[in-house]
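1. Predicted structure and sequence below. I'll ask about it afterward.
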Amino acid sequence: DSGVTQTPKHLITATGQRVTLRCSPRSGDLSVYWYQQSLDQGLQFLIQYYNGEERAKGNILERFSAQQFPDLHSELNLSSLELGDSALYFCASTPGRVAGELFFGEGSRLTVL
Amino acid sequence: AQSVTQLDSQVPVFEEAPVELRCNYSSSVSVYLFWYVQYPNQGLQLLLKYLSGSTLVKGINGFEAEFNKSQTSFHLRKPSVHISDTAEYFCAVRALYNNNDMRFGAGTRLTVKP
């Protein structure tokens, strides 16, 4: 158990809908990272937050957004969903601003029908 | 920006045989290197990391990796694999400075057969 909690574990929805994925980092970790894992794209970095502020951005679509709240949990919002958004979404956390070892949650599997 | 290439998408081996999973990276700056393992239906967990010092790094579950700066490689090895080593293995790189994201390779699926 990494100490990172992600909910929901599985989610099935339809095209055009909006979903929110939630992540609770390890106790004391200030940085949260979001990754998307799909068969054709592999593991893609989406976005990082540090202590409530956006720190780095990767291949995140404009239809996706994220935030980190004062209690340090983070949410990834995916809107206007398309079939190609079906993937496993991972959250990871680290104690500091710069990524050393990442501690991953078990992921949220999103299926868009 | 840095990038990682894992040269083999799948590696099948028999139990108790040695294995090497290959990883090459590209970066214009000094880097830290990592190997992560992903078992079915689980998140990634760290196997080992190279930050500085000795180029031979030992990790969990009997794995080790060697950092080769001239060849920009960080290959993962295990002298004798077990069925339980069957998993997806990811090489990752991040720059020492000015970069906050970790870049992952496409992964290598190691399948250990009895």
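-> Arrived safely, thanks for sending. Everything quoted here is computed from the prediction, not taken from an experiment. Numbers count the residues shown, from 1 in each chain, chains lettered A, B, ... in the order given.
2. State the pLDDT value of residue 53.
-> I'll assume chain A. pLDDT for residue A:53: 94.
3. Hmm, no, I was thinking of chain B.
-> 85.
4. residue of chain B with the smallest distance to chain A?
-> Chain A sits closest to residue B:43 of chain B, with a gap of 3.5 Å, by CB to the nearest CB. The C-beta positions use only the backbone N, C-alpha and C, and glycine is treated the same way.
5. How about the contacts made by that residue?
-> A:2, A:4, A:90, A:92, A:104, A:105, A:106, A:107 (CB atoms under 8 Å, 6 or more residues apart in numbering or on different chains).
6. If we check chain B, which of these are in contact?
-> A:2, A:4, A:90, A:92, A:104, A:105, A:106, A:107 (CB under 8 Å from any CB of the partner chain).
7. Can you list the residue ranges for helices in chain B?
-> Counting by DSSP state H, chain B has no helices to list.
8. Low-confidence stretches in it?
-> Counting by pLDDT under 70, chain B shows low-confidence ranges at B:98-101.
9. How about the residues of it by chain A?
-> So chain B meets chain A at B:32, B:34, B:36, B:41-46, B:49, B:51, B:90, B:94, B:99-107 (CB under 8 Å from any CB).
10. change it to 7 Å
-> B:42-46, B:49, B:90, B:94, B:100-104, B:106-107 (CB under 7 Å from any CB of the partner chain).
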